[in-house]
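Asker: The amino acid sequence is not available; the structure is as follows:
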């Protein structure tokens, strides 16, 4: 299968490309420059550096020519802040491109498409009483992205959305999403204070396997909850401590209300600066303090995801974050925002 990918040089896109090429598929990609220093990409992947949002439909069609598969491994996540209403930014980068690209893919004869989404969508559907789309613009945008993607699925045009959870793993030269976590751990000298709760998680390598599996196995339109390792925060933090050189540092559970107070302070700061966040950090207390677990039977097993070393992936992630904070990591490419 010839596969066209948006975002093939990123952490997840590059893992997908490696997996697809190892399975005998051909991969081409459009990706934003620059390529992180030290990043290892499969030499067989053909890459054009540029911004697909600035390309004409005809230019995009030229990339789809002869392809049977399409992967959208781009967009922005909940960390992005901007002017209110922030939903408009998510719509620009996560929803509108999916509508445009799936329409073009379909017109060009592509048969199998995969969109990278968020596991917050899974929990929004599982727990409607939490009203996640009401309070969190980011989660609303991910549900709307799923609905847009599913609207294109029909016989002969398969569309899968992967509802991705916490992901650990590194790409040399690229800033991990976990710098804030290491900063928080370091800021608490005697003990790491954290609320109860936990999350499902996967490694970047497992995401690559899920993407390849979805291209090869999905039929029709389907959203796949992705989760393999379910871990409470306390267990995850102990692994972080181990790799940050403080294995004996205790983890103490704080009341949920303390987390909510921190969320209130953040929202006051955002209001003062005239910006909006994708998550309502007071209402997010419900999610942060719950066990957001997903059984691998929900999606990973069907997609052929294999076991991996989650502890090593967490360790690699936090060690790189520490090196970045200590100015030991060299030149680093951060996530791009407008």
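Answerer: That came in fine, so what should we check first? Nothing here was measured: the structure is a model prediction, and the numbers come from that model. Numbering: from 1, shown residues only.

Asker: looking at this protein, which helix or strand is least sure?
Answerer: Least confident helix or strand, the chain: strand 81-82 with a mean of 90, by mean pLDDT, DSSP states H and E.

Asker: can you tell me the helix or strand for the nearest residue to residue 18 once chain neighbours are set aside?
Answerer: Nearest in space to residue 18, with sequence neighbours left out and distances taken as C-beta to C-beta, 6 or more residues apart in numbering, is residue 42 at 5.2 Å. Any C-beta I mention is one placed from the backbone N, CA and C, and that applies to glycine too. Counting by DSSP states H and E, there is no helix or strand that carries residue 42.

Asker: Just give the number of residues close to residue 42.
Answerer: For residue 42, the neighbour count with other C-beta atoms under 10 Å is 14.

Asker: need the contact list for residue 187.
Answerer: Neighbour list for residue 187: empty [criterion: C-beta atoms under 8 Å, 6 or more residues apart in numbering].

Asker: ditto for residue 182
Answerer: Residue 182 makes contacts with 240, 244, 318, 321-322, 325, as judged by C-beta under 8 Å, 6+ apart.

Asker: so how far is stretch 213-232 off the chain centroid?
Answerer: Relative to its parent chain, stretch 213-232 has a centroid offset of 13 Å by C-alpha atoms, centre = their mean, to the nearest Å.

Asker: Can you give me the buried ones in that stretch?
Answerer: 213-215, 218, 221, 223-232 (16 or more other C-beta atoms under 10 Å).

Asker: Most distant residue from the centre of this protein?
Answerer: residue 190 (31.8 Å; C-alpha atoms, centre = their mean).

Asker: which stretches of the stretch 51-200 of the chain form helices?
Answerer: 57-64, 87-90, 96-107, 119-126, 132-135, 137-150, 179-187 (DSSP state H, counting those that start in this stretch).

Asker: Which one of those helices lies nearest to residue 307?
Answerer: Of all the helices of the stretch 51-200 of the chain, it is helix 119-126 that lies closest to residue 307, at 19.2 Å by C-beta to C-beta.

Asker: helices or strands next to the helix or strand residue 242 falls within in the packing?
Answerer: Assigned by DSSP H and E, residue 242 belongs to helix 233-243. On a contact count with 3 or more C-beta pairs under 8 Å, 6 or more residues apart in numbering; DSSP states H and E, helix 233-243 meets helix 179-187, strand 192-195, strand 198-203, strand 251-254, helix 310-325.

Asker: Now do the third one: everything it contacts.
Answerer: Just to be clear, that refers to strand 198-203. Contacts of strand 198-203 (C-beta under 8 Å, 6+ apart): 119, 164-169, 210, 226-236, 291-294, 300, 305, 308-310, 313.
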